[in-house]
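Any chance you could fold what I've pasted below:
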Amino acid sequence: MLSPLFAFIFRFLGWKALGNPPYSIAKAIWLGAPHNSNWDLIMSVGARAQIKFDVGFLAKKELFQWYSGWIFKALGGFPLDRGKAQNQVEAVANTFQKHERMHIAIAPEGTRSDVVKLKTGFYYIALKVNIPLILIGFDYPRKAFVINDPIYLTGNFQKDMKIIYDFYLTIEGPKKTWLKEYAKTGQIPLPAKN
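Numbers count the residues shown, from 1 in each chain. The predicted structure follows:
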């Protein structure tokens with residue numbers, strides 16, 4: 001119902017989707033970065049409507065209040081409780097396993113604020129369920145929603161993450177500390193040990 005409106009806004013603002021949507025892939029995690037603006041959600045929903053692809057998204061549960069939850073659900077949102085002491089990787093992986101077709105978008109930076117390193121839950125979910133990652137870049141200077149080819153993870157964290165970091169270096173616009181440091185040093189931080 002809202003898709004035509006968001007597709008219109010996306011086009012009206014001069015945005016375009018670049019790359020090939022993975023229509024033949026049943027399940028994937030879409031990573032969206034850099035996450036610098038509240039407009040990222042609007043541009044994502046507009047791009048999703050433009051390419052006619054059903055991609056949901058995880059968002060903090062605080063957005064799903066009685067007065068606002070309906071719109072986030074209508075846009076494809078799934079509430080995520082980031083404060084609970086539970087294994088969120090396991091919970092999201094189980095959700096994927098219950099569906100024949102499921103595409104979920106995640107902001108690996110986790111916030112619009114500056115971050116020193118990416119969250120890595122998406123990596124372990126994709127490995128556990130054996131699904132690819134689809135990288136998308138919010139390229140504001142070019143007004144482009146850039147879609148990368150699917151990445152199938154090998155389990156070699158540094159090798160897999162290098163592909164992700166290299167892709168986001170190509171996205172124009174402001175870069176957060178995690179990417180600036182990688183551009184300077186070529187180093188990718190190891191994930192935290194549980």
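
shaky segments in this structure?
For the chain, applying pLDDT under 70 flags the ranges 1-2, 81-86, 193-194.

Do a quick rundown of the strands in it.
Along the chain, counting by DSSP state E, strands occupy 16-18, 27-33, 56-60, 77-80, 102-106, 133-139, 144-147.

Q88 is nearest to which of those?
strand 77-80 (7.0 Å; CB to CB). For glycine as for every other residue, the C-beta is placed from the backbone atoms N, C-alpha and C.

Quick check: beta-bridge partners of the residue nearest to the spatial centre of the chain?
Nearest to the mean C-alpha position of the chain, counting by CA atoms, centre = their mean, stands L31 at 2.6 Å. Per DSSP bridges, the residues bridged to L31 are I106, L135.

Identify the residues contacting it.
Residues near L31 by CB atoms under 8 Å, 6 or more residues apart in numbering: A105, I106, A107, P108, F122, L133, I134, L135, I136, I164.

If we use 10 Å, what do you get?
105-109, 118, 122-123, 126, 133-137, 148, 151, 164, 167-168 (CB atoms under 10 Å, 6 or more residues apart in numbering).

ok now stretch 90-98, how far from the chain's centre?
With CA atoms, centre = their mean, to the nearest Å as the basis, stretch 90-98 stands 17 Å off its chain's centre.

May I see the buried residues of that stretch?
Applying a neighbour-count criterion of 16 or more other CB atoms under 10 Å, one finds V92, A93, T95, F96 buried in stretch 90-98.

what does it contact?
By CB under 10 Å, 6+ apart, stretch 90-98 touches 27-29, 56, 58, 78, 80-81, 84, 87, 102-104, 106, 121-122, 124-131.

Need the buried ones from those residues selected in PyMOL.
Provided next is the PyMOL selection string for whichever of those are buried by 16+ other CB under 10 Å:
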select buried, resi 27+28+29+56+58+80+102+103+104+106+121+122+124+125+126+127+129+131
